[in-house]
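Visitor: Build me a structure from this.
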Amino acid sequence: LNNMEYMSIFGFLILMPLVIRVRGINIDVNQEASFDENYVVTWGQDHVSKLNQNKEVQLSMDHNSGSGFESKNHYGSGFFQMRIKLPQKDSAGIVTAFYLTSKGNIQDEVDFEFLGNREGKPIIVQTNVFTKGQGNREQRFVLWFDPTEDFHAYGILWNPYHIVFFIDNIPIRVFKNNPKGISYPSKPMQVVSSLWNGEAWATDGGKAMINWSYAPFKAHFQGFSESGCHVDGLNVCGSSTYWWNTGKYVGLSVSEQKDYENAKTKYRNYDYCSDHTRFSVLPNECQWN
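Guide: Below you'll find the predicted structure:
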């Protein structure tokens, strides 16, 4: 593991020779799953390379195709994390994605989308939450590091209380499950990662086109172990028998709350709940999130 990586959202990382400690939970690094145990390539097969004894995957994109993979299992709750290194140099128009989705036209979905940029300009991270096919809940952040130089950890906690987006152990966004009739993702979802052509919208509103002289564009992924409740008819995925559903994870800790407020203040550069031009009446969940 890299010192900048983490395996949990619930406390600072403590590196040890073979074990990482996750707020009372020990995970043996040597037991990290290979890609084929929990994931399968779904498209662009010729643009996918498995590296380091299947503990790392490289997705590439050129004129002909991008590429992607997804989890074999569907989940009803959990903590989902991927360590990602984004394409280098001029990546304008390129989208690297890591997200949960139920698919279909009325999907539930929880997104990390990394919007490439001209060389030397910051890469933007866009987060979004879809419920019953309705998205338009974007929040965007400028990263405080260069995501093309090394792997960084991006995590999504999804439990009955809230969805929390994390970057390197720092919570950047919280979407609460409020009982007052506000829709909340509840359909079984898969974990999906992809590298694709988003030049129609991703960079400067679609003004910055892909510079194909830098192709093939390459993104790298690590961390294929799973911490999620399988939806198979036997499991109650809201049960507190799963560590991510216990009382510890109903809200952020004091230190996490401080990190969250700092991230919002310093790095968030767009919030749909502040966009009065786009919404004459702000969505109902904005008062809770």
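Visitor: Mind listing the residues bridging to residue 111?
Guide: Residues found in beta-bridge contact with residue 111 (criterion: DSSP bridges) are residue 99, residue 128.
Visitor: quick one, what contacts it?
Guide: By Cβ atoms under 8 Å, 6 or more residues apart in numbering, residue 111 lies in contact with 97, 99, 126, 127, 128, 129, 130. Glycine gets a C-beta too; all of them are placed from N, C-alpha and C.
Visitor: what do you get for residue 73?
Guide: Residue 73 makes contact with 38, 190, 226, 228, 230, 231, according to Cβ under 8 Å, 6+ apart.
Visitor: ok, now residue 219?
Guide: Contacts for residue 219 were tallied using Cβ under 8 Å, 6+ apart; they are 58, 59, 60, 84, 85, 86, 87, 96, 195.
Visitor: can you do 7 Å?
Guide: Applying Cβ atoms under 7 Å, 6 or more residues apart in numbering, one finds that residue 219 lies in contact with 59, 84, 85, 86, 87, 96, 195.
Visitor: What is the most widely separated pair among the residues you listed?
Guide: Farthest pair in the contacts of residue 219 (Cβ to Cβ) is 85 and 195. Separation: 11.8 Å.
Visitor: Those two: who's more crowded?
Guide: The neighbour comparison of residue 85 against residue 195 (other Cβ atoms under 10 Å) goes to residue 195, with 29 against 20.
Visitor: Does that one touch residue 65 like I think?
Guide: No - assessed by Cβ atoms under 7 Å, residue 195 is found out of contact with residue 65, at 9.7 Å.
Visitor: Excluding sequence neighbours, find me the nearest residue to the residue nearest the centre of the chain.
Guide: Within the chain, the residue whose C-alpha comes closest to the C-alpha centroid is residue 112; the distance, by Cα atoms, centre = their mean, is 4.0 Å. Spatially, and ignoring its direct neighbours in sequence, residue 112 is nearest to residue 98 (4.5 Å; Cβ to Cβ, 6 or more residues apart in numbering).
Visitor: Also residue 101?
Guide: Per Cβ to Cβ, 6+ apart, closest to residue 101 is residue 109, 4.3 Å.
Visitor: swap in residue 44?
Guide: residue 67 (2.9 Å).
Visitor: Which residues does the longest strand along the chain contact?
Guide: Of all the segments of type strand in the chain, defined by DSSP state E, the longest one is strand 75-85. The contact list for strand 75-85 (Cβ under 7 Å, 6+ apart) reads 5, 7, 9, 96, 98, 100, 148, 150-160, 188-189, 191, 193, 219-223, 227-231, 235, 237-238, 242, 244-245.
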